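*Asks:* test case, fold it:
(chains A and B)
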Amino acid sequence: MSVTPTSPDSIIPRLKAETLSSLTKKGVRADGRGLEDFREVKIITNYLPKADGSALVKLGDTQVLVGVKIELGSPYPDTPEEGVLVVSAEFVPTASPAFEPGPPDENAIELARVIDRVLREYGVIDTSKLAIIPGRKAWVVWIDIYVLDHGGNLIDASAIATLAALLTTRIPKYTVSENESIQVDKSSFSGPLPVVRKAVTVTVGKLGDSLIVDPTIEEEKVVSSKLIVGVGEDGSIAGLQKSGDGYLTLQEVEKAIQLALKKGGELLAKIAESVKSPEATSAGSAGTPSVEGEKPPESNA
Amino acid sequence: MKREKPKLVSEDGVRHDGRRLDELRPVKMEVGVLSNASGSAYVEFGKTRVIAAVYGPREPPQRYMVLPHRAVLRCRYHMAPFSTDERKNPAPSRREIEISKVIREALEPVVMSEAFPRTSIDVFIEVISADGGTRTAALNAASLALADAGVPMRDLVAAVAVGKVDGYLVLDIDQVEDNYGEADMPVAMAPSLNMVTLLQLNGVLSPQEFSQALNLALKGVNEVYKLQKETLRNKYLVRVE
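*Replies:* Sure thing, here's the model as predicted:
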């Protein structure tokens, strides 16, 4: 059952709310950004030694870690010649005083399902290349989104981290014996995960009568509703989700989508620039962490 | 057992069930179908059938679950085990949890919750037969049930899904069109207030297709809105001689 949020964490002092919306009216924001500016994005790929693909993304104060595990499984009966994609999200209690331990709540479920839809419907992964024995064995791509620190706009940070992790994911080496038993050798790789098209999400928030991108956690408490837009690399709309207790007018919907498509293109260019896909033949080591920009990560030395 | 995609729209724009591209399924609506609820509604779009009940404003079972300045909305979308082709496990799925959330968020802007502080307004929706477009049918029923309960509202919420099937944009897609189609876009609006209160897209559309789809949804939403108002009028309008 879904209930109107009653937690004190969802309430912001009225004075602060008024300050944020009066700033927005002037076209600026509390952290000095313009209405259409993203916060700085930092992407660290190959962050985890045990995962088959991973990325840590910092979007302002928000930190999201995505680990991809490739495991042997069975294809779905209605798609016997395709691999399987599973997206889950955990809002771990390290991330916010509002997060409680326990099974994923409606917000975590919504986040995972929105990202799942964008990946699946846009065809980011060519799942037809993930069948091993059609109808019997296929690779299962487990995408686990871990929200480590909640500074707002979890969905876009998760989408960036997911794409970066997938782009660096490698499929383990395997052999199929005569009796169709499969040996997986995780110490070396048969090739990169077939990521054939790229997509991200851009969240546009409605703050008063203005539209802003990439809201901070404080702005999210004042934003009446958000439109999450899946943006494909060819400029198509790869999914939509209105989220939040408010509404958008028809005109705001059109404006929000135009804004999202523009910003999504910029984000995709940034990801392409900072994430190098793995060598198809680089067997052996799990890869060394590669960091976007010049600065090394503080925590990964 | 790989599924072959059947042809769902003919060259002259007729759909697999004989509808035109911009035609709703046969719609039935009725309010006041349950005796215990404060308000209730039954809504049918073809083979999709839902019942909604509203309880409240009332004291919620857990006293901490209230707000000092308004009522809280509690909403559950649930599918009956016999509503689908294969029996559905009655435990709430991730899909049902997400749909409960987007339905609640679609109702929040129209319900005048500020009139009932420290109470809860509960909306329970049961899908008894699912043939595509269940969340939009659910929202139409919920909105009617709220009105039937006498909960003050700024407007009704009317909803319909637009799909892309065989390259055509079609109104009110059913299960087959959803399974084999390229896109499914449910839209809910408070039509008199120009509020879009629910918008989702599962699939890929170009910006041009999206604008066309939104226009088609608007046409459908207005038709549903008219039917909702007629349903309420038939129940509540008293002719004064």
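*Asks:* how about the secondary structure of A:Thr6?
*Replies:* Three-state call for A:Thr6 (DSSP: H, G, I helix; E, B strand; the rest coil): coil.
*Asks:* what's the burial count for B:His78?
*Replies:* Residues near B:His78, counting by other C-beta atoms under 10 Å in any protein chain shown, number 20. C-betas here are computed from N, CA, C, even on glycine.
*Asks:* check which helices and strands the helix or strand encompassing it sits against.
*Replies:* B:His78 belongs to strand B:72-79 when assigned by DSSP states H and E. Counting contacts by 3 or more C-beta pairs under 8 Å, 6 or more residues apart in numbering or on different chains; DSSP states H and E, strand B:72-79 packs against strand A:2-3, helix B:94-107, strand B:120-129, helix B:134-148.
*Asks:* per-residue confidence for A:Glu292?
*Replies:* We have a pLDDT of 49 for A:Glu292.
*Asks:* mind listing the strands for chain B?
*Replies:* Secondary structure of chain B (DSSP state E): strands at B:27-31, B:39-45, B:48-58, B:72-79, B:120-129, B:158-165, B:168-171, B:183-190, B:195-203.
*Asks:* for the third one, what is the distance to the chain centroid?
*Replies:* In other words, strand B:48-58. In terms of C-alpha atoms, centre = their mean, to the nearest Å, the centre of strand B:48-58 is found 12 Å from the chain centre.
*Asks:* quick one: classify A:Glu121 as helix, strand or coil.
*Replies:* When the rule is three-state DSSP, A:Glu121 gets the label helix.
*Asks:* where in chain B is pLDDT low?
*Replies:* Counting by pLDDT under 70, the ranges of chain B that qualify are B:1-3.
*Asks:* in it, where's the longest helix?
*Replies:* In chain B, assigned by DSSP state H, the helix with the most residues is helix B:207-236.
*Asks:* repeat for chain A
*Replies:* helix A:250-274.
*Asks:* quick one: name the residues of the stretch 101-250 of chain A near chain B.
*Replies:* Residues of the stretch 101-250 of chain A lying near chain B by C-beta under 8 Å from any C-beta of the partner chain: A:106, A:109-110, A:112-113, A:117, A:121-122, A:225, A:227, A:230, A:232, A:235-250.
*Asks:* among those, the buried ones, what's the PyMOL command?
*Replies:* Command for PyMOL that selects the buried part of these, burial taken from 16 or more other C-beta atoms under 10 Å in any protein chain shown:
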select buried, chain A and resi 106+109+110+112+113+117+121+122+225+227+230+232+236+237+238+239+240+241+242+243+244+245+246+247+248+250
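*Asks:* can you count the residues close to the residue lying closest to A:Asn107 once chain neighbours are set aside?
*Replies:* Counting by C-beta to C-beta, 6 or more residues apart in numbering or on different chains, A:Asn107 lies nearest to A:Phe91, which is 6.8 Å off, once chain neighbours are set aside. If you count neighbours by other C-beta under 10 Å, A:Phe91 ends up with 23.
*Asks:* gap between A:Ala98 and A:Thr6?
*Replies:* Counting by C-beta to C-beta, to the nearest Å, the separation of A:Ala98 from A:Thr6 is 12 Å.
*Asks:* again, but for A:Thr127
*Replies:* According to C-beta to C-beta, A:Thr127 and A:Thr6 sit 41 Å apart.
*Asks:* more neighbours, these two?
*Replies:* A:Thr127 (21 against 15).
*Asks:* surely that one touches A:Tyr76?
*Replies:* No. Applying C-beta atoms under 8 Å, one finds A:Thr127 not in contact with A:Tyr76, separated by 10.1 Å.
*Asks:* any common contacting residues for the two?
*Replies:* Residues touching both A:Thr127 and A:Tyr76 (C-beta atoms under 8 Å, 6 or more residues apart in numbering or on different chains): A:Glu82, A:Val84.
*Asks:* what count of nearby residues applies to residue 69?
*Replies:* Using chain A here. By other C-beta under 10 Å, the residues close to A:Lys69 number 17.
*Asks:* right idea, wrong chain: chain B
*Replies:* By the criterion of other C-beta under 10 Å, B:His69 has 8 neighbours.
*Asks:* go ahead and confirm it touches B:Glu114.
*Replies:* Yes. Using C-beta under 8 Å, B:His69 is in contact with B:Glu114, at 6.7 Å.
*Asks:* quick check: end-to-end length of stretch A:239-253?
*Replies:* Length of stretch A:239-253, first residue to last, C-alpha to C-alpha, to the nearest Å: 13 Å.
*Asks:* ok, residues contacting it?
*Replies:* So stretch A:239-253 is in contact with A:4, A:110, A:114, A:117-118, A:121-122, A:201, A:206, A:211, A:223-230, A:256-257, B:102, B:105, B:108-109, B:185, B:190, B:194-204, B:214, B:218, going by C-beta under 8 Å, 6+ apart.
*Asks:* apply 6 Å and report the result again.
*Replies:* Stretch A:239-253 has contacts (C-beta atoms under 6 Å, 6 or more residues apart in numbering or on different chains) with A:114, A:117-118, A:206, A:224-230, B:105, B:108-109, B:194-201.
*Asks:* over to stretch A:71-83?
*Replies:* The contact list for stretch A:71-83 (C-beta under 6 Å, 6+ apart) reads A:84, A:127-128, A:130-131, A:134-135, A:138-140, A:184, B:2-3.
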